[in-house]
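J.: here you go, sequence then predicted model.
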Amino acid sequence: MISIVRTDVGLVRSNNEDSYLYQPPRLFAVADGMGGHAAGETASAMAVEVIKEWAVQERLVLEKDLAAAIEDANAQIYQRAQKEDGMQGMGTTATVVLLEGNQAFWAHVGDSRLYWLSEGQCRQVTQDHTLVGEMVRSGNLTLGEAREHPRRNLLTRAVGTARELLVEQGSFSIGAGDYLLLCSDGLTGVVSEAEIQQVLEQKQESLEEKANRLLGMAKAAGAPDNVTFILIECEMPAHGA
């Protein structure tokens, strides 16, 4: 297993509210903060730090543990937001992957995404917890309409914005040649799933070249938001890497 991480402020924002956890070959996370300059950065950094601490304490084994870590982050961010001036309403997305052998365990809240490319199929594993995402799933909006909808970034679920939180979670089996992509919506907001798949399927390019191409495509499209992603190539069972 080989992996690479990229984060960039983009071409419009003055600060980067994205955070990530990069602990190959086992643990990866992306968090995209919301709530203004200091608050968004604080929320995403707190989420990543809590997940990291759970890993240090060796409490991460299955997807339910990832979900519990996100719930812990939710409680800590929510409590801080209630106490500190300027932090009210802060929150963050959180998409986490834990690799054990040939299993990928994951947990997720918000509109960052986990993609899985396997045997020529690119799947969006996570659901977008957005108003527009719910409209697509209910059949009231097409994917094309969703990409142009003026409220496409309105989250219906985020870490830290409410006392209670429902965390999406699951697992799947990975194989040699598969790719995993964790990313903030700064990438998927301007680069389509089809374009992502086309980049990942370029066999003559290294993982670094693929990552550079994805970031370059986001910037060529204007990169109006921060862009953060972790790209993983499964060359062998992940835990044996």
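T.: Nice, thanks for sending it over.
J.: now do the helices in this structure.
T.: Counting by DSSP state H, the segments of the chain that form helices are 37-56, 63-83, 131-137, 143-148, 185-188, 193-200, 207-220.
J.: phi, psi for A223 please.
T.: Dihedral pair for A223: phi 40, psi 60, per degrees, to the nearest 10.
J.: what is the neighbour count of it?
T.: Counted with other Cβ atoms under 10 Å, residues neighbouring A223 total 23. Heads up, the C-betas are built off the backbone N, CA and C, glycines and all.
J.: and the closest residue to it other than its chain neighbours, how far from A45?
T.: Closest residue in space to A223, ignoring its immediate chain neighbours: G10 at 3.8 Å, by Cβ to Cβ, 6 or more residues apart in numbering. Relative to A45, G10 is positioned 18 Å away (Cβ to Cβ, to the nearest Å).
J.: with A81 instead?
T.: For A81 relative to A45 (Cβ to Cβ), the value is 14 Å.
J.: R113 contacts C183, correct?
T.: Yes. Using Cβ atoms under 8 Å, R113 makes contact with C183 at a distance of 5.7 Å.
J.: those two - which one has more neighbours?
T.: C183 (27 against 24).
J.: show me what the more buried one bridges to in the sheet.
T.: Going by DSSP bridges, C183 is paired in beta bridges with R113, F229.
J.: contacting residues for it?
T.: V30, S112, R113, Y115, V227, T228, F229, I230 (Cβ atoms under 8 Å, 6 or more residues apart in numbering).
J.: poorly predicted segments of the chain, please.
T.: Flagging of the chain using pLDDT under 70 yields the residue ranges 37, 141-152, 236-241.
J.: run a quick neighbour tally on Q57.
T.: The burial count assigned to Q57 is 9, neighbours taken as other Cβ under 10 Å.
J.: and if you look at Q204?
T.: Counted with other Cβ under 10 Å, Q204 comes out at 5.
J.: angles on the backbone of it, please.
T.: phi -80, psi -10.
J.: returning to what we had before: so G10 and A45 - more neighbours on which side?
T.: G10 (22 against 17).
J.: how close does the closest residue to W54 other than its chain neighbours sit to E17?
T.: Sequence neighbours aside, A69 is the residue nearest to W54 in space, at 4.2 Å (criterion: Cβ to Cβ, 6+ apart). Going from A69 to E17 by Cβ to Cβ gives 20 Å.
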